[in-house]
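J.: Mind looking at a prediction? Sequence and model below.
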Amino acid sequence: PMRWLLLTITFASVGGILIEFRTLFGREVGVTLLILLTTLKFMELRGPRDAMVLVYLACFIIITNFFYSQSIPSALYMLATLLVTTTAWVHLHGQSIPLGGRLRIASVLLLQAIPLMLILFVLFPRVQGPLWGLPQDAFASTGLDDKMAPGSFARLSLSEEVAFRVGYAGQTPLREQMYWRGPVLWEFDGRTWTPGEAVAPAAPQFTDTTQPIDYSVTLEPHNKTWLFALDMPDRLSIPARLTHDFRILRKDPVKARLRYEARSHLGYRANPNEAKRQIQRALQLPPSFNPRTRQLAAGWRADSMDDNAVVRAALAHFSQQNFRYTLQPPPLGAHSVDEFLFETRQGFCEHYASSFVFLMRAAQIPARVVTGYQGGEFNALGNYYIVRQSDAHAWAEVWLPGQGWVRIDPTAAIAPGRIERGLSAAVTDAAALPFMARNPPDWMRKLRLNWDALANQWNQWVLGYDTERQFAFLTRLGMESVTWQKMALNMMAGVAFIVALFALFMLRHLFKRQPDKVQAAWLKLCRRLAKAGLPRAAHEGAQDYAARVAAARATLRYATKTASILRRYKPSSVWLLHSSYNPSSVYPQIAQMDAD
């Protein structure tokens, strides 16, 4: 198109982007502008130089995919796209080469780049944080919230997304001991549990600890400030705060994959000397809600002043009154606990935890709701556990004199299979679960675990190759006192070594006898054409020279045949990569032209 039209389209497009995004800065705007300008470049495509610019722009567009996903499938897709782009680049330098030959040359070029890529990946100084910013898949679409209402966990159980992965350093606890602690909920408005207002910070009391467990957690981004640890945690390898109710909080939300090490104790006494204001906080109930539940709890308290006896009575009520553990409980009204305990008797973990804590508070026993995850799937290939969103769980804690906060899981009273074997072994309507959360064929389950092990290694050693891992890896390789200067020198030495090897490989082929024979005939033909009035310019390659000779057919004998031979001739730097080209096939024709 005419220049004025092209400029008009460009300004109109940029204006449209400005209207849509309200800015010309940022990731989305930058990628959109790059794609738009590359598209407009096609409208002024006039020669090989413009085509080369398009190829380079395509490479930049491929890189921008890292802004949206850094997974293995995305990387493989980008590699395939880069192969196609490189093939187009080869086509610009050798249009007579068939498609298969161009693909082979492009593949060889990419393979030759692998050693350089590895050297740069290992030795190039790492920056703090993701090099490409936060990819779009860093923001969790599902995950645990700090609020709990009827139905919130049942919906979460339908997600097979990974929440985190755990590797144990020594002793591995039993599955029924794997309670991964998250948000702690204190306040209830009649339907929804929330953490409530934060109290003044106080150090948690942690005594009589037994059975220490050391482990590492690779946490997927969930855009919240809390971390997950095995009940009860007392040590963490990264900066974080252990609150009075044993939550682990960071200053900033987890927006990128995070790896940390922790220690927990399976045996403990937590806050045995709890402050009075915390005790009162754990007894609060909204007025005028659930009168039948209050009456039931008051009856238990009248029968016994022993808190442990009241706890046992509540658990016996769940196990003896035909309660049902289901993913699809009926909706509840204003008096949700009354309706659940005396009418529907169908619920998920949040129903049991909520009603149990309400019963305890109504019986004047301090109690609170704890949410997190329970269990996990063992992956023998990587020797770690996978905790998925479908493992989300809610349980209760009661404060007992002399014992402190004690974990009570009412779900275990009605559906012990949920704690011991997983969700699919406990719910009566397992058909509502995703296919892979049920009991898939053994080969399919192994395939998924193998893929997860591969993805875990990718996350650990590629995406997770940060400054700390880089220094540790180089130290294991024998580099003492790792510094930026040493890494830079080693990187330059490695690149120089690879380039030298490739240069030796090229020279070895350049000095072969057969290429010398063809080259000599080629130069002799060029000299003969020069005597005929068509000398080859210093910057002129075989293709351009052939075109000029063909244009002179009216004044030069055998011009057409000579041009055909020139177009077929390829210097050694090209046929070295192009396996389908045989230099001996063109030599007889050049020699025959010289004889004529």
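T.: Nice, thanks for sending it over.
J.: For the helix or strand containing R301, give the mean pLDDT please.
T.: Per DSSP states H and E: R301 is located in helix 291-303. If you average the pLDDT over helix 291-303, you get 94.
J.: How about residues contacting that helix?
T.: 285, 309-310, 313-314, 317, 335, 337-338, 341-342, 355, 358-360, 362-364 (C-beta atoms under 8 Å, 6 or more residues apart in numbering). (Each C-beta comes from the backbone N, C-alpha and C, glycine too.)
J.: Filter those down to just the buried residues.
T.: Buried subset of those (neighbour count, 16 or more other C-beta atoms under 10 Å): 285, 310, 313-314, 317, 335, 337-338, 341, 355, 358-360, 362-363.
J.: Can you give me the buried ones in the helix holding R301?
T.: 293-294, 296-297, 300-301.
J.: Reformat those as a markdown table; add distance to N383.
T.: What follows is the buried residues of helix 291-303, written out as a markdown table (distance: C-beta to C-beta, whole Å):
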| residue | distance to N383 |
| --- | --- |
| T293 | 46 |
| R294 | 50 |
| L296 | 47 |
| A297 | 46 |
| W300 | 46 |
| R301 | 49 |
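J.: and which of those is nearest to Q460?
T.: T293 (48.3 Å; C-beta to C-beta).
J.: Who are the contact partners of the nearest residue to that closest one once chain neighbours are set aside?
T.: Spatial nearest neighbour of T293, chain neighbours left out: V337 (4.9 Å); criterion: C-beta to C-beta, 6 or more residues apart in numbering. V337 makes contact with 289-290, 293, 354-355, 358 under the criterion C-beta under 8 Å, 6+ apart.
J.: Tell me which helix or strand comes right after the one helix or strand V337 maps to.
T.: For V337, the host element (DSSP H and E) is helix 336-339. Next in sequence after helix 336-339, counting helices and strands by DSSP H and E, comes strand 346-347.
J.: mind listing the helices for the stretch 51-200 of the chain?
T.: Using DSSP state H, counting those that start in this stretch, the helices of the stretch 51-200 of the chain run over residues 72-93, 99-123, 152-156.
J.: got those helices as CSV, with distance to V53, mean neighbour count and mean pLDDT columns?
T.: Formatted as CSV, these follow (distance: least, C-beta to C-beta, whole Å; neighbours: other C-beta atoms under 10 Å; pLDDT from 0 to 100):
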stretch, distance to V53, mean neighbour count, mean pLDDT
helix 72-93, 11, 15, 91
helix 99-123, 19, 15, 89
helix 152-156, 49, 19, 83
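J.: closest to R469 out of those helices?
T.: helix 99-123 (10.6 Å).
J.: And that closest one, what does it pack against?
T.: Using 3 or more C-beta pairs under 8 Å, 6 or more residues apart in numbering; DSSP states H and E, the elements in contact with helix 99-123 are helix 72-93, helix 467-476, helix 484-510.
J.: To G196, which of those lies closest?
T.: helix 467-476 (37.0 Å).
J.: mind listing what's buried in that closest one?
T.: Per 16+ other C-beta under 10 Å, helix 467-476 contains these buried residues: 470, 474.
J.: That helix - what's its average pLDDT?
T.: 82.
J.: Secondary structure class of R407, three-state.
T.: What DSSP: H, G, I helix; E, B strand; the rest coil gives for R407 is strand.
J.: same question but for H265, I mixed them up
T.: Per three-state DSSP, H265 ends up strand.
J.: can you pull out the strands in the stretch 201-350 of the chain?
T.: 206-219, 226-227, 229-230, 233-236, 241-242, 248-249, 258-270, 324-325, 346-347 (DSSP state E, counting those that start in this stretch).
J.: if we can go back for a sec, so which of the helices of the stretch 51-200 of the chain is nearest N65?
T.: helix 72-93 (5.5 Å).
J.: Go ahead and measure how far that closest one is from the middle of the chain.
T.: How far helix 72-93 lies from its chain's middle: 22 Å, per C-alpha atoms, centre = their mean, to the nearest Å.
J.: helices or strands next to it in the packing?
T.: helix 48-63, helix 99-123, helix 442-458.
J.: Return the helix or strand containing D544 as PDB; C-alpha atoms alone will do.
T.: Following DSSP H and E, the helix or strand that holds D544 is helix 542-551. The C-alpha trace of helix 542-551 is given here as PDB (Å, rounded to 0.1, in the frame of the first residue of the first chain):
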ATOM      1  CA  ALA A 542      26.400 -17.500  -7.000                       C
ATOM      2  CA  GLN A 543      22.600 -16.800  -7.100                       C
ATOM      3  CA  ASP A 544      23.000 -13.100  -7.900                       C
ATOM      4  CA  TYR A 545      25.800 -13.800 -10.400                       C
ATOM      5  CA  ALA A 546      23.600 -16.300 -12.200                       C
ATOM      6  CA  ALA A 547      20.800 -13.800 -12.500                       C
ATOM      7  CA  ARG A 548      23.100 -11.300 -14.100                       C
ATOM      8  CA  VAL A 549      24.600 -13.900 -16.500                       C
ATOM      9  CA  ALA A 550      21.100 -14.900 -17.500                       C
ATOM     10  CA  ALA A 551      20.200 -11.400 -18.300                       C
END
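J.: now for it, which elements pack on it?
T.: Helix 542-551 packs on helix 559-568, going by 3+ C-beta pairs under 8 Å, 6+ apart.
J.: Using CSV, write down the CA coordinates of the helix holding R301.
T.: Extracted in CSV, the C-alpha atoms of helix 291-303 (Å, rounded to 0.1, in the frame of the first residue of the first chain):
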residue,chain,number,x,y,z
PRO,A,291,-31.4,-23.4,68.8
ARG,A,292,-31.6,-27.2,68.5
THR,A,293,-27.9,-27.5,68.3
ARG,A,294,-27.4,-25.4,71.4
GLN,A,295,-29.9,-27.6,73.2
LEU,A,296,-28.1,-30.8,72.2
ALA,A,297,-24.8,-29.4,73.4
ALA,A,298,-26.3,-28.2,76.7
GLY,A,299,-27.6,-31.7,77.3
TRP,A,300,-24.2,-33.2,76.9
ARG,A,301,-22.7,-30.7,79.2
ALA,A,302,-25.4,-31.4,81.8
ASP,A,303,-24.6,-35.1,81.7
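J.: between the helices and strands packed on helix 72-93, which gets nearest to Y168?
T.: helix 442-458 (14.7 Å).
J.: Could you check how far that closest one is from the centre of its chain?
T.: That offset, for helix 442-458, works out to 15 Å (C-alpha atoms, centre = their mean).
J.: Could you list the buried residues of that helix?
T.: 448-449, 452-453, 455-456.
J.: will you turn the strands of the stretch 201-350 of the chain into CSV that also has mean neighbour count and distance to W399?
T.: Converted to CSV, these look like this (neighbours: other C-beta atoms under 10 Å; distance: least, C-beta to C-beta, whole Å):
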stretch, mean neighbour count, distance to W399
strand 206-219, 16, 14
strand 226-227, 25, 22
strand 229-230, 25, 21
strand 233-236, 18, 19
strand 241-242, 16, 18
strand 248-249, 17, 20
strand 258-270, 19, 9
strand 324-325, 18, 27
strand 346-347, 23, 24
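J.: out of those, which comes closest to I19?
T.: From these, taking C-beta to C-beta, the stretch that ends up closest is strand 258-270, at 37.7 Å.
J.: Which elements pack onto that closest one?
T.: Judged by 3+ C-beta pairs under 8 Å, 6+ apart, strand 258-270 is in contact with strand 206-219, strand 229-230, strand 233-236, strand 404-408.
J.: Name every strand pairing with the second one and say which way it goes.
T.: This means strand 229-230. If you go by DSSP bridges, strand 229-230 pairs up with strand 179-185 (antiparallel).
J.: who's in contact with stretch 168-181?
T.: Stretch 168-181 is contacted by residues 164, 211, 213-216, 228-233, 246-248, 261, 266, 370, 372-376, 385, 387, 393, 395, 407, 409, 412, 419-421 when judged by C-beta under 8 Å, 6+ apart.
J.: again, 6 Å this time
T.: Identification of contacts with stretch 168-181 by C-beta atoms under 6 Å, 6 or more residues apart in numbering yields 213-215, 228-229, 231, 266, 372-376, 419-420.
J.: now do stretch 486-504
T.: Outside stretch 486-504, the residues touching it (C-beta under 6 Å, 6+ apart) are 115-116, 119, 123.
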